[in-house]
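Engineer: Model the following, please.
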Amino acid sequence: MNLEFNKNEDAMKLAVSQMKQRHAQVSLGGGKKAIEKNKERGKMSPRERIQYLIDKGSVFTEIGSFAGWDMYPEHGGCPSGGTVAGLGYVKGRQCVIVANDNTVKAGAWFPITGKKNLRLQEIAMENHLPVIYIVDSAGVYLPMQDEIFPDKEHFGRIFRNNAQMSAMGITQIAAVMGSCVAGGAYLPIMSDETLMVEGNGSIFLAGPYLVKAAIGEDADIQTLGGAKTHTEISGIADYKFDTEQECLDQVKRIIDKIGEQPRAGFDRVKPEAPKKDPKEIYGFVSVDNSKQYDVVEVIERLVDNSEFDQFKQDYGKTIVCGYARIDGWAVGIVANQRTVIKNTKGEIQIGGVIYNDSADKAARFIQNCNQKKIPLVFLQDVTGFMVGSRSEHSGIIKDGAKLVNAVANSVVPKITIVIGNSYGAGNYAMCGKAYDPRFIYAWPNAKIAVMGGAQAAKTLLQIQVASLKSKGEEITPEKEQELLKHITDKYDSQTSSYYAAARLWVDDIIDPIDTRRVISEGIAAANHNPEMKDFKTGVFQV
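Structural biologist: All right, here's what the predicted structure looks like:
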């Protein structure tokens, strides 16, 4: 390997190390003191609860670990959105697990908490996976109630989804290990079965203080809604246990007895490891996304036996399409190929640009995969569609629309990995968040924005300078550079993978080495849903 490869490798390893350090930071939730206080009450942390619940030796695929990252500083932050969640195996069955973190503002729901919980329910509904709720929450975070309570995609949507999932035949189990207050009290009761831990678990519409204020009655927490009350008097809960471990053991027994369901039938054979070393992925992509590389080299380190059958290999070369297997699963891969182009001044630029022929090829390939019932994997490193008079005269908008149409109407599962840039309409064409990928992940170096930082900053600078000059201000070269730096720094912070993950534009940031695993887990999840619509692309210009 050459010097450039070694530089890329070192930089990516540093980026992965930073990601792991930040993950360790958010894994502490509200902090070590809060975790220790819980232990004194016989309570595990949400991550400890999940690890106890899932099968030993199995892997938990976390979703939204960086939700809320660097958000709500005026409220003390909201690590992981106040919820730990993802895909895990319980008694050999893949499940969605959602655990409130009561060390973060007593498990209260911030706006991002609602968005994250709805995303997990969406995953369960799309893939027909059982859901296990580990409940320990004080309900809506009152200082921000207007941003979490009344709208369509707010707190109440959770219970609407509970009802719809039940009608779909999706199993929902609620293990109440702490508070479950007000509107939140509906979640366990709208689940199929409700389990409670005596002494810590409680369910009620109004707590002691509100009851006293509303009707003048004096009643403690356990009398109002403890495990004894709800298993012996109201009949709301189905089981009570002395410890969290006993409660989770019963969850395992319930999951263990669920009957087999029909599958989608995506093709899978015995997995084979890639022949080319997956660790070499680190060396191909530069962390600043500025260098050219061959995306086929990346693909060959993700796919079984490093075998990749390219579709239309010599046509539309800025998008690579082809068939392969990942962990035994048959997949169709659509990946951006970086290329060197010259601008009108003769200067060389490097970018993952989509040309007319590339868009045409990818649209056709997506149609083929839908015809053959093959899940799609998108590897995004795209700066957008090619611009300029030559492209416009060739109908780039028409060909781009054809690709977007194919992606939007695709009925096979789509899994997207942002391995570099994801800019503008290229984000859409390569199955960005708005195009309903079943799962979407990002590498630490990923950047997501309407356009690249340099172009955006220069555009914004021109607007700002013109505005200041119109007000009579003199703009010196030094002042212009100062403005440019300020704009660039702000814009760059908004394009980072952490900014995207904080707002759940991606499901999580992953180590590139884990790409193969998360794709496999995503297809395994999708295979649980046998329902698939007919593929129709509607009207588009040919």
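Engineer: Can you name the next helix or strand after the helix or strand of the chain with the lowest mean pLDDT?
Structural biologist: Taking mean pLDDT, DSSP states H and E as the measure, the chain has strand 348-351 as its least confident helix or strand, at a mean of 62. Tracing the chain C-terminally past strand 348-351 and defining elements by DSSP states H and E, one meets strand 353-354 next.
Engineer: Next, the residues that contact that following strand from outside, please.
Structural biologist: Residues outside strand 353-354 that contact it (CB atoms under 8 Å, 6 or more residues apart in numbering): 318-319, 336, 339, 341, 362, 382-386, 400, 403, 426, 429. C-beta: built from backbone N, CA, C; applies to glycine.
Engineer: Which among the residues you listed count as buried?
Structural biologist: Neighbour-count burial (16 or more other CB atoms under 10 Å) applied to the contacts of strand 353-354 gives 318-319, 336, 362, 382-386, 400, 403, 426, 429.
Engineer: which one of these sits closest to Ile170?
Structural biologist: Ala429 (32.1 Å; CB to CB).
Engineer: Excluding chain neighbours, what is closest to the closest one?
Structural biologist: Distance criterion CB to CB, 6 or more residues apart in numbering; nearest residue to Ala429, sequence neighbours excluded, is Leu403 at 4.8 Å.
Engineer: ok, that neighbour touching Ala425?
Structural biologist: No. Using CB atoms under 8 Å, Leu403 makes no contact with Ala425, being 9.5 Å away.
Engineer: about what we covered before: report the buried residues of the helix or strand harbouring the residue nearest to Ala429.
Structural biologist: Taking DSSP H and E as the criterion, Leu403 maps to helix 396-409. Neighbour-count burial for helix 396-409, counted by 16+ other CB under 10 Å, picks out 396, 399-407, 409.
Engineer: a markdown table for these, including pLDDT?
Structural biologist: Output for those, formatted as a markdown table (pLDDT from 0 to 100):
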| residue | pLDDT |
| --- | --- |
| Ile396 | 80 |
| Asp399 | 80 |
| Gly400 | 85 |
| Ala401 | 88 |
| Lys402 | 91 |
| Leu403 | 93 |
| Val404 | 93 |
| Asn405 | 94 |
| Ala406 | 94 |
| Val407 | 96 |
| Asn409 | 95 |
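Engineer: Report the secondary structure state of Glu392.
Structural biologist: Classification of Glu392 using DSSP: H, G, I helix; E, B strand; the rest coil returns helix.
Engineer: what's around it, how many residues?
Structural biologist: When neighbours are defined as other CB atoms under 10 Å, Glu392 has 11 of them.
Engineer: what residues are up against it?
Structural biologist: Contacts for Glu392 (CB under 8 Å, 6+ apart) come out as none.
Engineer: so what's it scoring on pLDDT?
Structural biologist: On the pLDDT scale, Glu392 is placed at 77.
Engineer: what about this protein, any weak spots by pLDDT?
Structural biologist: Scanning the chain with the threshold set as pLDDT under 70 gives 1, 183, 340-351, 393, 395, 453-457, 461, 541-542.
Engineer: Next, give me the two most distant ones among the buried residues of helix 396-409.
Structural biologist: Largest pairwise distance in these, by CB to CB, is 20.4 Å, between Ile396 and Asn409.
Engineer: of the buried ones among the contacts of strand 353-354, closest to Thr459?
Structural biologist: Checking the buried ones among the contacts of strand 353-354 against Thr459 by CB to CB gives Gly384 as the nearest, at 14.0 Å.
Engineer: what's near enough to touch Tyr323?
Structural biologist: 308-309, 311, 330-333, 374.
Engineer: Which of those residues sits closest to Ile215?
Structural biologist: Taking CB to CB as the measure, Val331 is the one of the contacts of Tyr323 closest to Ile215, at 60.0 Å.
Engineer: quick one: secondary structure of that closest one?
Structural biologist: strand.
Engineer: That one is in contact with Leu379, isn't it?
Structural biologist: No. With contact defined as CB under 8 Å, Val331 does not count as touching Leu379 (11.0 Å).
Engineer: Then Glu272 would be within a helix, right?
Structural biologist: No. Counting by three-state DSSP, Glu272 is not found in a helix; it is coil.
Engineer: Look up how far Met430 lies from it.
Structural biologist: In this structure, Glu272 and Met430 are 27 Å apart, going by CB to CB, to the nearest Å.
Engineer: Please apply the same query to Pro512.
Structural biologist: Taking CB to CB, one finds Pro512 at 18 Å from Met430.
Engineer: Which one's more surrounded, the two?
Structural biologist: Under the neighbour definition other CB under 10 Å, Pro512 and Met430 were set side by side, and Met430 has more, 28 against 24.
Engineer: which residues touch that one?
Structural biologist: 334, 336, 378, 380, 382, 407, 416, 422.
Engineer: Now it. Nearest residue, chain neighbours left out?
Structural biologist: Per CB to CB, 6+ apart, closest to Met430 is Gln380, 4.6 Å.
Engineer: secondary structure class for that neighbour?
Structural biologist: At Gln380 the chain is in strand, as set by three-state DSSP.
Engineer: Let me see the contact set for it.
Structural biologist: 336, 416-422, 426-427, 430-432, 446.
Engineer: most neighbours, which of those?
Structural biologist: Going by other CB under 10 Å, Ser422 tops these with 32 neighbours.
Engineer: one step back: just the buried ones from the contacts of Tyr323?
Structural biologist: 308, 311, 330-333, 374.
Engineer: Tell me the one among those nearest to Ser80.
Structural biologist: Val331 (29.7 Å).
Engineer: Near the residue nearest to that closest one when sequence neighbours are not counted, how many other residues are there?
Structural biologist: Counting by CB to CB, 6+ apart, the nearest residue to Val331 once its immediate chain neighbours are dropped is Val377, at 5.0 Å. Val377: 28 surrounding residues under other CB under 10 Å.
Engineer: Over to Cys247?
Structural biologist: Cys247, neighbours per other CB under 10 Å, totals 25.
Engineer: Contact partners for it?
Structural biologist: Contacts of Cys247 (CB under 8 Å, 6+ apart): 175, 177, 195-197, 239, 241.
Engineer: Just name whatever secondary elements the one helix or strand Ala124 maps to is in contact with.
Structural biologist: Here Ala124 sits within helix 111-127, counting by DSSP H and E. Helix 111-127 makes packing contacts with strand 83-90, strand 93-100, strand 131-137, helix 157-168, helix 515-526 when contacts are defined by 3 or more CB pairs under 8 Å, 6 or more residues apart in numbering; DSSP states H and E.
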